[in-house]
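# no FASTA, just this:
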């Protein structure tokens, strides 16, 4: 059974960098059939795609966040990570990691439980 | 303002059939497939419909999806109390070098 688990600080100061890791178990992140994604959801609001990455690299990002986002993959530890720089209160959200089918960039078929990140001093 | 437009709310009584619409444009729904996600209160979203009208294993056949032109719909027949959740449509958008876009979500209430 594939499981994804987000981890990282739950509180980040304004202007700092938000860093999260998604650990994948029950399957290989190096599968050629999938990408791996980050999606966020501000409290009481809808879903926003942050970006996705293939096991070999080559990330692609939401244009609205591209200047502040870096997604990387660590195949040796079966995990991938998110860095979001210069955070503000608007970046407060539940952050989810998910698996994406290579056949459809919006087919997120497995999700982590999500982790709440609050941006506050 | 979401790229895909959904009604903010919908409701129905047990046993009823409910539909949720998702409106887009030629750069997203008009040229790419639509997926639907169900988010029960306090949980992560779950893939409900993919490739416009396909159900993943384990999703009851009470849920169905369709697409026509630049719009898509999710239908739930035989409504049950456990269907009370937020529903999101999603599609790839070819503008701005490509991006995944979601609808704003529809909160379904079972009366």
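Thanks, I have it. Everything numeric in this text was worked out from a predicted model, so none of it was measured.

# element containing the spatially most central residue of chain A?
Geometric centre of chain A, nearest residue: residue A:38, 2.5 Å, by C-alpha atoms, centre = their mean. Assigned by DSSP states H and E, residue A:38 falls within strand A:34-41.

# Residues contacting that strand, please?
A:20, A:22, A:24, A:29, A:47-55, A:71, A:73, A:80, A:82, A:93-102, A:105, A:108, A:111, A:114, B:100 (C-beta atoms under 8 Å, 6 or more residues apart in numbering or on different chains). (Each C-beta comes from the backbone N, C-alpha and C, glycine too.)

# mind redoing it with 7 Å?
A:29, A:47-54, A:71, A:73, A:80, A:82, A:93-102, A:108 (C-beta atoms under 7 Å, 6 or more residues apart in numbering or on different chains).

# Check which helices and strands the helix or strand following that strand sits against.
Per DSSP H and E, the first helix or strand lying C-terminal to strand A:34-41 is strand A:48-54. Counting contacts by 3 or more C-beta pairs under 7 Å, 6 or more residues apart in numbering or on different chains; DSSP states H and E, strand A:48-54 packs against strand A:34-41, strand A:57-61, strand A:69-74, strand B:99-102.

# In terms of mean pLDDT, which of those strands ranks lowest?
Least confidently modelled of the helices and strands packed on strand A:48-54 is strand A:57-61, at a mean of 92 by mean pLDDT.

# Compute the inter-axis angle for that strand and strand A:48-54.
Put simply, strand A:57-61 runs at 170 degrees to strand A:48-54, going by axes from the mean of the first three to the mean of the last three C-alpha atoms, to 10 degrees.
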